[in-house]
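Enquirer: kindly return the folded structure for what I paste below:
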Amino acid sequence: MTGDQASRAGVTSPGLAEEKAARAAKAAKAAKAAEATKAQPKVSASPRSVRRAAVFAVPAVWAAAVLLLELVLPEGTHCVALLAATPALACAGTGARTGVWLGGGCALIALYPLGSVPVYEDIGSRAGMCAAIVCVAMASCYTVRRRARLTDELARTREVATAAQQALIRPLPPRIEGFTVAAGYLSAARGAAVGGDLYDAVATVHGVRVVIGDVRGHGLGAVSTVAAVLGCFREAAHDEPRLERVPHRLERALDRHLAARRYACAGRAERPGSGGGTGEVSAEAEPVDEEFVTVLLLEVRADGTVTAVNCGHPWPYRLVPGPRGECRSELVSTAEPVPPLGMLPLPPEGPEPRHLQLPPGEALFFYTDGAEDARDADGRTFPLPEALTAALAGRRARGGRRAARGDGSAAAGAAGPAELVDHVRRSLLRHAGGRLPDDVALLALRNDRCSVHGPRHDPPPGRADAYVPLACSCP
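Expert: Numbering: from 1, shown residues only. Modelled structure (predicted):
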């Protein structure tokens, strides 16, 4: 018996019963979804669309207000000339030719009811006002077109400037040879992404080499010196087997750069109209003789051995995780560094290197003196150690809350380099009220290699339970 015959006979086969049940379930699910859609509240318009509608409504409101004033004010008082400003208001508000012509149309329509006013019964008066409105609308359209062209040119200029700035201060990769790296930059010059501070980290056959420095002065005037020093470092970091020989290369590059600037300033001073052959050097050459650069160089090997060479730069902070998850920050050294490059000649054998160990899980935080020189409204300097401690404690607290909720993917460990740099950057801007007197460069580097030697820390005396191993974090 076929399915059709069975249905006519009142007999339902198992296949047909399953098909009917599936169709009924599908229909019930669709009905339930439709009811849920109806029950959902209507999404209100976005603030952007509301603002856009309000901007387009301004010309109409202006024209209506002028019309109302013209009809209400006593005879002999006229303000209809204000209708000519309607296209200009639309131009300022919308920035589009559509809005300009809409405003002009509103103004022209508003002239129609004024035909009953005796002073505007003359066709000449109304035609003159119409011509004035049209002229203002055409001028506003030209302004809109010119503004659009200037906006496009500004966007292209910013793209070129961003590419040039990133070529000078290159974005660091998140990981370099098993080390997690993050950096941030704050320029004292408005609208600039670079200034008188510099940093870079490169992987070489000698290990990961890091540089951070500060040129005398700040803003765009120090960019050329930053380019000279960074260009030399990126070459010497690969060529020099000994880190203490790299400052000599940087010193020679700085001397050549300052000599070229000195000759350029002298040539400008001797041109006709700027000193006229008097042989006097312009005032722009005077800062060249006083220019210097503080530089801190580090070499981090795969086993965590760190070699540091410091030429007048602040020592970095070492971020050490404790056995119970707490973290602390401490300076890697308090030794007096040699003078900055360009201030005094370097010793022939080079600056004396400092050696330390960076076990897996520990990090170094580098900064320039602009971070410590930033002051708040009361004249207090920025407390960098407290900011680092707050960043580490905040990360540990967030990790503990996520662990309490059962999120096993979030550990209550120390803050990563990117989080650390971002926290210090925001704290610095908040402390200084957004106004920095000097450029600021921040860089954090953490050893995320495997703990080949077993424990992260030796257990304290009498505390064998504090012996905590470090799990492998290699990618």
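
Enquirer: just the helices in this structure please.
Expert: Along the chain, the stretches classed as helices by DSSP state H are 3-9, 14-39, 47-72, 86-94, 97-111, 123-168, 223-239, 246-269, 286-289, 369-373, 384-404, 417-432.

Enquirer: a markdown table for the ones you listed, including distance to Asn447, mean neighbour count and mean pLDDT?
Expert: Quick note: C-beta positions are derived from backbone N, CA and C, even for glycine. Shown next, in a markdown table, are the helices of the chain (distance: least, CB to CB, whole Å; neighbours: other CB atoms under 10 Å; pLDDT from 0 to 100):
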| stretch | distance to Asn447 | mean neighbour count | mean pLDDT |
| --- | --- | --- | --- |
| helix 3-9 | 72 | 11 | 42 |
| helix 14-39 | 52 | 10 | 59 |
| helix 47-72 | 46 | 15 | 73 |
| helix 86-94 | 56 | 23 | 77 |
| helix 97-111 | 58 | 21 | 76 |
| helix 123-168 | 27 | 13 | 81 |
| helix 223-239 | 19 | 19 | 92 |
| helix 246-269 | 22 | 17 | 85 |
| helix 286-289 | 40 | 14 | 62 |
| helix 369-373 | 23 | 20 | 88 |
| helix 384-404 | 16 | 16 | 68 |
| helix 417-432 | 11 | 19 | 92 |
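
Enquirer: TSV for those helices, including distance to Val80?
Expert: Output for the helices of the chain, formatted as TSV (distance: least, CB to CB, whole Å):
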stretch	distance to Val80
helix 3-9	81
helix 14-39	51
helix 47-72	5
helix 86-94	11
helix 97-111	8
helix 123-168	6
helix 223-239	56
helix 246-269	59
helix 286-289	61
helix 369-373	59
helix 384-404	62
helix 417-432	51
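
Enquirer: and of those, who's closest to Thr180?
Expert: helix 417-432 (5.2 Å; CB to CB).

Enquirer: could you dump the closest one to PDB, C-alpha only?
Expert: Extracted in PDB, the C-alpha atoms of helix 417-432 (Å, rounded to 0.1, in the frame of the first residue of the first chain):
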ATOM      1  CA  PRO A 417      54.500  43.700  28.200                       C
ATOM      2  CA  ALA A 418      51.600  45.200  26.100                       C
ATOM      3  CA  GLU A 419      49.300  45.600  29.100                       C
ATOM      4  CA  LEU A 420      52.200  47.000  31.200                       C
ATOM      5  CA  VAL A 421      53.100  49.600  28.600                       C
ATOM      6  CA  ASP A 422      49.500  50.600  28.000                       C
ATOM      7  CA  HIS A 423      48.800  51.000  31.700                       C
ATOM      8  CA  VAL A 424      51.800  53.200  32.300                       C
ATOM      9  CA  ARG A 425      51.000  55.200  29.200                       C
ATOM     10  CA  ARG A 426      47.500  55.900  30.300                       C
ATOM     11  CA  SER A 427      48.600  56.600  33.900                       C
ATOM     12  CA  LEU A 428      51.200  59.100  32.600                       C
ATOM     13  CA  LEU A 429      48.700  61.000  30.500                       C
ATOM     14  CA  ARG A 430      46.200  61.100  33.300                       C
ATOM     15  CA  HIS A 431      48.900  62.300  35.800                       C
ATOM     16  CA  ALA A 432      50.100  65.100  33.400                       C
END
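
Enquirer: other residues contacting it?
Expert: 174, 180-184, 186, 319, 363, 365, 367, 371, 374-376, 382, 384, 387-388, 390-392, 394-395, 415, 436, 440, 442-446 (CB atoms under 8 Å, 6 or more residues apart in numbering).

Enquirer: just stretch 172-183 next, same as before
Expert: Contacts with stretch 172-183, where a contact means CB under 8 Å, 6+ apart, come from 199-203, 207-208, 300, 302, 416-418, 420-421, 441-449, 474-475.

Enquirer: tell me the domain ranges of the protein?
Expert: 47-160, 172-220+293-458 (automatic domain parsing).

Enquirer: present the ones you listed as JSON lines; the columns should include distance to Cys265.
Expert: Shown next, in JSON lines, are the domains of the chain (distance: least, CB to CB, whole Å):
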{"stretch": "domain 47-160", "distance to Cys265": "27"}
{"stretch": "domain 172-220+293-458", "distance to Cys265": "15"}
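
Enquirer: mind checking which of the contacts of helix 417-432 are buried?
Expert: 180-184, 186, 319, 363, 365, 367, 371, 374-375, 382, 384, 387-388, 391-392, 395, 415, 436, 440, 442-446 (16 or more other CB atoms under 10 Å).

Enquirer: against Pro340, how distant is Thr364?
Expert: I think there's a mix-up here, since residue 364 is Leu and not Thr. For Leu364, the distance to Pro340 equals 21 Å [CB to CB, to the nearest Å].

Enquirer: of those two, who's got more company?
Expert: Neighbour count, other CB atoms under 10 Å: between Leu364 and Pro340, Leu364 has more, with 24 against 21.

Enquirer: quick check, the more buried one in contact with Glu330.
Expert: No: if you go by CB atoms under 8 Å, Leu364 and Glu330 don't touch, sitting 10.9 Å apart.

Enquirer: so what's in contact with these two at the same time?
Expert: Common neighbours of Leu364 and Glu330 (CB under 8 Å, 6+ apart) are Tyr317, Arg318.

Enquirer: quick one, what contacts Phe365?
Expert: Phe365 sits in contact with Pro316, Tyr317, Arg318, Leu319, Ser329, Leu388, Leu420, Val424, Leu442, Leu443, Ala444, where contact means CB under 8 Å, 6+ apart.

Enquirer: just Gly184 next, same as before
Expert: Contacts of Gly184 by CB under 8 Å, 6+ apart are Val421, Asp422, Val424, Arg425, Ala441, Leu442, Leu443.

Enquirer: nearest to Ser140 among those residues?
Expert: The closest of the contacts of Gly184, once distances to Ser140 are taken by CB to CB, is Arg425, at 42.4 Å.

Enquirer: and the closest one, how far from Thr225?
Expert: 24 Å.

Enquirer: could you do Leu71 as well?
Expert: 69 Å.

Enquirer: can you check Arg175 too?
Expert: Per CB to CB, Arg175 is found 30 Å from Thr225.

Enquirer: same thing with Ala203?
Expert: Counting by CB to CB, the gap from Ala203 to Thr225 is 25 Å.

Enquirer: what of Arg256?
Expert: If you go by CB to CB, the gap between Arg256 and Thr225 works out to 11 Å.

Enquirer: repeat that for Arg156.
Expert: Counting by CB to CB - Arg156 and Thr225 are separated by 28 Å.

Enquirer: could you list which of the contacts of helix 417-432 belong to strands?
Expert: Here DSSP state E is the test, and the contacts of helix 417-432 give 180-184, 186, 319, 363, 365, 367, 440, 442-446 as lying in strands.

Enquirer: which one of those is nearest Ala84?
Expert: Using CB to CB, the ones in strands among the contacts of helix 417-432 come closest to Ala84 at Leu186, 47.4 Å.

Enquirer: re earlier: and of the domains of the chain, who's closest to His248?
Expert: Across the domains of the chain, closest to His248 is domain 172-220+293-458 (CB to CB), at 6.1 Å.

Enquirer: right, I'll leave it there.
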